[in-house]
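>>> Generate a structure from the sequence data that follows.
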Amino acid sequence: MPRTPARLDVLAVALLASAALGLTASPLASAAPVPAAAPLTVEEQRLERAVPQEILRRSGFDSVTPGFVRALEGATSYGQAERAVARHGSALWERAVDRAQGRGTAGGDLSRDDDRPLYWARLGMTAGLRQWQPAFDVTEAQRARLMDRLERSSRGQDSMDLPTGKGVKRIVMTGFDPFTLDRDIRISNPSGATALALDGTWIHTSQGPARIETAVFPVRWQDFADGMVERTLARQLPKADLFTTVSQGRVGRVDIERFNGAWRGGFPDNDTVSRTETVPVADPASQPQWTLTSLPYEAITAADTGRFPVYDNTSVTEIPAGGGAPIVRPDGPTPGSAARAGGGGNYLSNEIAYRATLLRDRLGLNVPGGHVHTPVLQFAAGNTTGITDPEFVRNRLDIISQTREIIRVATESGEAG
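Sure thing, here's the model as predicted:
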């Protein structure tokens, strides 16, 4: 008898159409042992709540997971499963980019600039893959490779396509997933929305056309420790004329973070995991405590880029040479000090900036690059339950526009700061 796949627990019941749940595996493979379903991550478990479901429904992205699970259940070999993961992961990224840039149907009444459909649809896919019970043998290592492929392809990390040739500037920009979702599950991340809005776009500068390629990163300590940033950027930075990592920062302001510190401060990530330690990188013996932006911060802060004020942020927190308690230094680190926070803090926004600028230095590149902290994306006053409102959309669109203009100004400045 063909095997009927087990349901993907209460969460998947909410996610999957009944047709997807009733699929059967190939009779030729039905004799294979069925492994127990893997538990969902903390991040994936949030998906069953009402807000994520509304976001998916009002964007049309509620069809993503059922289609992906059907493809997985139809696979009769690891190779077929691998191709399904790559195809559906890339399709999710492309669909999110197209939606953000006005191509194709919006799929619902949620504004096109919203990054949250991508985030929640991806979690539906990873939950489906995690609890997939194939009718053929799949090792833990193989399943991990499938998950890695899904993560990278659905984030644009493996599809950056910087143009070649003269007369064209090449720009790399990265954003982040939403985070602090246990504080407010409605949260959007304007850096992720900016990545979707700008991926594959051209901007006109005084020095000619410039192409922007983007990717989005998870808010999880372990992915960074596993080298996701370096794997993504190592092939791109040598070709780039400028790079900027972007994340959500402080209320009502943009910060160009001058210094990045080699310290993890322990704030819980999207899986509620904490890490308090030196940023783990390859060759720790040569690891510096601080890295420095090479973005042209003077030109950026002097330009009229949008409605939010832009600051050159030089503050850090350090333990001075010789020891003692951490001290806030408004003008940057002192010689021999140990990092406890860069200008961008000691969370993953600081870490991606640290990793990207350390990679720049280790590759011997003289390229403008560093971190931009956007304003916090805020709902309208009094909106404590709605997933969107006109002010929320206006704020996000203004942040996207200003970040784009900051990138243009930085590109026109021509040289590393």
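>>> Mind jotting down where the strands sit in this structure?
Listed in chain order, the strands of the chain (DSSP state E) span 169-176, 202-205, 208-217, 242-248, 254-257, 259-261, 263-265, 276-278, 290-292, 310-313, 316-319, 327-329, 338-341, 369-374.
>>> Of these, which stretch is the most buried?
Burial of these is given as mean neighbour count (mean count of other Cβ atoms under 10 Å); strand 259-261 ranks first at a mean of 31. (Each C-beta comes from the backbone N, C-alpha and C, glycine too.)
>>> ok, that one: who's next to it in the sheet?
Next to strand 259-261 in the sheet, as set by DSSP bridges, lie strand 290-292 (antiparallel).
>>> residues near the residue lying closest to residue 402 once chain neighbours are set aside, how many?
Distances taken as Cβ to Cβ, 6 or more residues apart in numbering put residue 306 closest to residue 402, at 2.9 Å, once the chain neighbours are dropped. Residue 306 has 18 neighbours, counted by other Cβ atoms under 10 Å.
>>> Wait, residue 306 touches residue 397, no?
No - when contacts are counted by Cβ atoms under 8 Å, residue 306 is not listed as touching residue 397 (10.5 Å).
>>> looking at this structure, which helix or strand does the model trust least?
Sorted by mean pLDDT, DSSP states H and E, the helices and strands of the chain end with helix 18-21, the least confident at a mean of 31.
>>> so how far is residue 85 from the closest residue to residue 210 other than its chain neighbours?
Among residues not flanking residue 210 along the chain, residue 169 sits closest, at 3.6 Å (Cβ to Cβ, 6+ apart). Distance from residue 169 to residue 85, counting by Cβ to Cβ, to the nearest Å: 34 Å.
>>> For residue 142, see how far away residue 87 is.
From residue 87 to residue 142 the distance is 17 Å (Cβ to Cβ).
>>> what mean pLDDT does stretch 148-160 have?
The average of the pLDDT scores along stretch 148-160 is 98.
>>> Can you measure across that stretch, start residue to end residue?
Using Cα to Cα, to the nearest Å, the end-to-end distance of stretch 148-160 comes out at 17 Å.
>>> What lies in contact with that stretch?
82, 85-86, 88-90, 92-93, 97, 118, 122, 125-126, 129, 172, 195, 199, 213-218, 223, 228, 231-232, 236 (Cβ atoms under 8 Å, 6 or more residues apart in numbering).
>>> related to what we said a few turns ago, show me what contacts the residue nearest to residue 402?
Contacts of residue 306 by Cβ under 8 Å, 6+ apart are 254, 398, 401-402, 405.
>>> How many neighbouring residues does residue 201 have?
Other residues within reach of residue 201, judged by other Cβ under 10 Å, total 15.
>>> With adjacent residues omitted, what lies nearest to it?
Leaving out its chain neighbours, the residue that sits closest to residue 201 by Cβ to Cβ, 6+ apart is residue 212, at 5.4 Å.
>>> How much space separates the one you found from residue 242?
Counting by Cβ to Cβ, the gap from residue 212 to residue 242 is 9 Å.
>>> Flag the shaky bits of the protein, pLDDT-wise.
Within the chain, the stretches with pLDDT under 70 are 1-37, 414-417.
>>> ok, 50 please
The model of the chain has pLDDT under 50 over residues 1-34, 417.
>>> what ranges do the helices span in it?
Here the chain has its helices, by DSSP state H, at 9-15, 18-21, 42-45, 50-57, 64-74, 78-100, 116-130, 140-153, 190-198, 221-225, 228-233, 297-302, 348-362, 390-413.
>>> Show me the one of these that comes nearest residue 276.
Ranking the helices of the chain by proximity to residue 276 (Cβ to Cβ) places helix 221-225 first, at 10.1 Å.
>>> Give me the residues contacting that closest one.
So helix 221-225 is in contact with 151, 217, 264, 269, 271, 273-275, 279-280, 348, 351-352, 355, going by Cβ under 8 Å, 6+ apart.
>>> tell me how far it is from the chain's mean position?
12 Å (Cα atoms, centre = their mean, to the nearest Å).
>>> and if you look at stretch 109-126?
Chain-centre distance of stretch 109-126: 12 Å, with Cα atoms, centre = their mean.
>>> Okay, buried residues for that stretch please.
110-126 (16 or more other Cβ atoms under 10 Å).
>>> Filter the contacts of residue 306 down to the buried ones, PyMOL style.
Selecting the buried subset of these in PyMOL, with 16+ other Cβ under 10 Å as the burial test, is done by:
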select buried, resi 254+398+402+405
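>>> Once you drop chain neighbours, what's closest to residue 272?
Residue 272's closest residue in space is residue 42 (Cβ to Cβ, 6+ apart), at 5.1 Å.
>>> Let me know whether that neighbour touches residue 220 as I believe.
No - Residue 42 lies out of contact with residue 220 (Cβ under 8 Å); the separation is 10.1 Å.
>>> who has more neighbours, those two?
Remark: of residue 42 and residue 220, residue 220 carries more neighbours, 21 against 15, as counted by other Cβ under 10 Å.
>>> In contact with that one, which residues are there?
With contact set as Cβ under 8 Å, 6+ apart, residue 220 has these partners: 43, 269-271, 273, 348.
>>> same thing but at 7 Å, please
Going by Cβ atoms under 7 Å, 6 or more residues apart in numbering, residue 220 touches 269-271.
>>> Kindly tell me how buried residue 93 is, as a neighbour count.
Residue 93 - counted by other Cβ under 10 Å - has 23 other residues nearby.
>>> In the contacts of residue 220, which residue is surrounded by the most others?
Taking other Cβ under 10 Å to define a neighbour, the member of those with the most is residue 270, carrying 24 neighbours.
>>> Contacts only, for it.
Residue 270 is in contact with 43, 177, 179, 181, 218-220, counting by Cβ under 7 Å, 6+ apart.
>>> Distance to residue 207 for those residues - can I get that in CSV?
Converted to CSV, these look like this (distance: Cβ to Cβ, whole Å):
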residue, distance to residue 207
43, 42
177, 33
179, 35
181, 41
218, 34
219, 35
220, 37
